[in-house]
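In: Fold the stuff below for me.
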Amino acid sequence: MKKTTSIILIAAFIISLVAIVILSRNWIKSEKEYSTLKNSYEQALLSGKGAPLHIRDTIYDTVAGTVTYMYNPIQTEKPVTNYVSKGLADTLARALGVATEKIDRLQSELVSIKGKGKGERYIDTITKTKWLAMKDPVFDVKINLENDSIYTGATIALDRAYAPYKKNIFSRYEYRSVIRARDPRVTISNLYDVNKVPKSPRWGISFIGGPVVTPKGLSYGVGLGLTYDIISF
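Out: The predicted structure follows:
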């Protein structure tokens, strides 16, 4: 019995050691990627202005006629206005009628589109006015050929989605976001998306139950105690 118990203890120790090594390597890799991205924003802040987010992927769907931009919004426990220029933060705070530190989420992007097309001439049957018009999914342009007046319009539809993402069981949760434009000519730049999240507590009370390996063999038990998370995911 003692020999069997020793083998079980040694096996449990080896398995625990391997698990700790794997966990540590994945945690270090995840932290390194996170720190690299965080440092790039911190350096931009030191220069006196926030840095736009990096767009991870741009996906063109030729069948649906859309373009999708994928990016990682910033999740921070600090004020969201720390990650954008002071001018942008102040402008949005004034629009809300609140102090800048009260903003919990801040989004901004520059949307642009360029297009061209051939106009069609026609005569209004009622007013007998001659017109030159161009229509497409975004642009609506009409020119009065009698007095050279130009009437313009544009409709740009944007769709957003947010979802939690985790590379593996060892990495921290992060959010991925997409902006889809219903026209592949749309370009999105100067993208900001900052969200304030509550600080995760490390202290807690845990209840543990199940089999326990002891020098006398396997046993069962339960426990209640105060815990502190050394590594948070």
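In: Please, where are all the strands along the chain?
Out: 55-61, 66-71, 74-76, 105-113, 120-123, 130-135, 139-144, 149-154, 158-165, 174-181, 186-196, 203-214, 217-228 (DSSP state E).
In: any low-confidence regions in the protein?
Out: 1-9, 26-50, 168-172, 200-204, 207-233 (pLDDT under 70).
In: Give me the buried positions along stretch 147-165.
Out: Neighbour counts over stretch 147-165 (16 or more other CB atoms under 10 Å) mark no residue as buried. For glycine as for every other residue, the C-beta is placed from the backbone atoms N, C-alpha and C.
In: The strands of the chain: which one's closest to residue 16?
Out: For residue 16, the closest of the strands of the chain is strand 203-214, at 10.4 Å, according to CB to CB.
In: quick one on the thing from earlier: present the strands of the chain as a markdown table; the columns should include distance to residue 11.
Out: Shown next, in a markdown table, are the strands of the chain (distance: least, CB to CB, whole Å):
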| stretch | distance to residue 11 |
| --- | --- |
| strand 55-61 | 42 |
| strand 66-71 | 44 |
| strand 74-76 | 40 |
| strand 105-113 | 49 |
| strand 120-123 | 81 |
| strand 130-135 | 74 |
| strand 139-144 | 70 |
| strand 149-154 | 68 |
| strand 158-165 | 35 |
| strand 174-181 | 35 |
| strand 186-196 | 45 |
| strand 203-214 | 10 |
| strand 217-228 | 12 |
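In: Let me know which of the ones you listed is the nearest to residue 95.
Out: Nearest to residue 95 among the strands of the chain is strand 105-113; the distance by CB to CB comes to 11.4 Å.
In: which secondary structure elements does the closest one contact?
Out: The contact analysis (3 or more CB pairs under 8 Å, 6 or more residues apart in numbering; DSSP states H and E) places strand 105-113 against helix 86-96, strand 186-196.
In: Touching it from outside, list them.
Out: 80-81, 83-84, 88-89, 92, 138, 154, 156, 158, 179, 181, 183, 185-196 (CB atoms under 8 Å, 6 or more residues apart in numbering).
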